[in-house]
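Q: Return atomic coordinates for the entry below.
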Amino acid sequence: MLLHLSSWPEIDAQINSDAPLAKTVIVPIGSNEQHGPTGLLGTDWLCPEIIAHAAEKTDGDLMIAPTFNIGMAQHHLAFAGTISLRPSTFMAAITDWVASLSRHGFERIYFLNGHGGNVATIEATFSEIYADWSFIGDRPDTILKLRNWWDLPGVQKLCEDIFPVGHGSHATPSEIAVTQAGYPDRVKTADYSPRIAPNGPIRDALDYRARFPDGRIGSDPAQASPEKGQRIIDAAIPALIADISAFAAEVLP
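A: You can find the predicted model right below:
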């Protein structure tokens, strides 16, 4: 079920059913930021959304929340179109999402992430939420999990096999291929040089723009195609279903 395309009685009935995934919800989460000269600004939220929605079509018992599409992307702000939250704002927003979903009876919240720059802040938010329970000596009413879509079992290996050279770490051909498969009418092309972008550290926005003038890091996204993206999506679907099912079935001590 897609939460945002359901009525509240449908959601209430699902949560209170005996289905194995009844009290589990997936939150696609990412960022709206530059992805080089050919990547869509929404790449980092589109990828987990595309994969989660494709998995829901395969297994209708999955509950998918609306996509959390703005993240921590301050280092990309020197490129037009990037929208970023401060880490503190991002943490507060995640906390409110968790509290809202928990309020209605969801006991397992699984964040499917598409932006590496979100990881530290999401994990810090989880720690803050758990700390509130630890200090009062009680168990949390919601268990949280973070999974990057490329870390789903078998997916990263497939991406590396498809793109053995020039995969890089930002504006990668794998993530751009996934968006091309999801939105084949939005494929972009551009001339850029060097073919494989340089690598380096990530700091503030101006430092980033100076090191990586067109936005890429170590990548050659021209290798992407909708067909390659579909192969990645097809591999991610069963991996996500297995991972979320294991999470929902985890027995707490």
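Q: Show me what counts as buried in stretch 197-215.
A: By neighbour count on 16 or more other C-beta atoms under 10 Å, the buried set for stretch 197-215 is Ala197, Ala205, Tyr208, Arg209, Phe212, Asp214, Gly215. Backbone N, C-alpha and C define where each C-beta goes, glycine included.
Q: give me every residue that touches the residue lying closest to the fifth one once chain neighbours are set aside.
A: Leaving aside its chain neighbours, Phe212 sits nearest to Ala197 (6.3 Å; criterion: C-beta to C-beta, 6 or more residues apart in numbering). By C-beta atoms under 8 Å, 6 or more residues apart in numbering, the residues touching Ala197 are Gly36, Gly168, Ala171, Phe212, Asp214, Arg216, Ile217, Gly218, Ser219, Asp220.
Q: Tell me who's in contact with the second one.
A: Gly168 makes contacts with Ile196, Ala197, Asn199, Arg216, Ile217, Gly218, Ser219, Asp220, as judged by C-beta under 8 Å, 6+ apart.
Q: go on, Gly229?
A: By C-beta under 8 Å, 6+ apart, the neighbours of Gly229 are Ser174, Ile176, Ala177, Val178, Thr179, Gln180, Ala181, Gly182.
Q: how close does it sit to Ser102?
A: Shown here: Gly229 relative to Ser102, a distance of 34 Å by C-beta to C-beta, to the nearest Å.
Q: re the thing from before, Lys57: which of the buried residues of stretch 197-215 is nearest?
A: For the buried residues of stretch 197-215, the residue nearest Lys57 by C-beta to C-beta is Gly215; the value is 32.1 Å.
Q: Which of the contacts of Gly229 sits closest to Phe247?
A: Val178 (22.2 Å).
Q: Can you report how many residues lie near the closest one?
A: Number of residues near Val178 (other C-beta atoms under 10 Å) recorded here: 31.
Q: Then the one 5 residues further on?
A: Around Tyr183 there are 15 other residues, counting by other C-beta under 10 Å.
Q: Ok, the one 4 residues further on next?
A: By the other C-beta under 10 Å criterion, the neighbourhood of Val187 contains 17 residues.
Q: Quick check: it touching Gln180?
A: Yes: counting by C-beta atoms under 8 Å, Val187 touches Gln180, with 5.1 Å between them.
Q: tell me the contacts of the most centrally placed residue in the chain?
A: Taking C-alpha atoms, centre = their mean, the centroid of the chain lies closest to Asn113, which sits 2.2 Å from it. Taking C-beta under 8 Å, 6+ apart as the criterion, Asn113 is in contact with Ile29, Gly30, Pro48, Val119, Ile122, Leu146, Arg147, Asn148, Trp149.
Q: Out of those residues, the closest to Asn69 would be?
A: Within the set of the contacts of Asn113, Gly30 lies nearest Asn69; the separation is 6.1 Å, counting by C-beta to C-beta.
Q: Leaving out the residues flanking it, which one is nearest to that closest one?
A: Using C-beta to C-beta, 6+ apart and skipping residues adjacent in sequence, the residue nearest Gly30 is Trp45, 3.1 Å away.
Q: got a list of what that neighbour touches?
A: Pro28, Ile29, Gly30, Ser31, Asn32, Thr67, Phe68, Asn69, Ile70, Gly71, Gly114, His115.
Q: At which residues are the helices of the stretch 151-253 of the chain located?
A: 155-162, 173-182, 205-211, 226-249 (DSSP state H, counting those that start in this stretch).
Q: And for Ala19, the neighbour number?
A: When counting by other C-beta under 10 Å, one arrives at 14 neighbours for Ala19.
Q: Number of residues surrounding the closest residue to it other than its chain neighbours?
A: Distance criterion C-beta to C-beta, 6+ apart; nearest residue to Ala19, sequence neighbours excluded, is Asp61 at 5.5 Å. Neighbour count of Asp61, defined by other C-beta under 10 Å: 17.
Q: Using the three-state scheme, assign Asp61.
A: Here Asp61 is coil, with the state taken from DSSP: H, G, I helix; E, B strand; the rest coil.
Q: Good, wrapping up.
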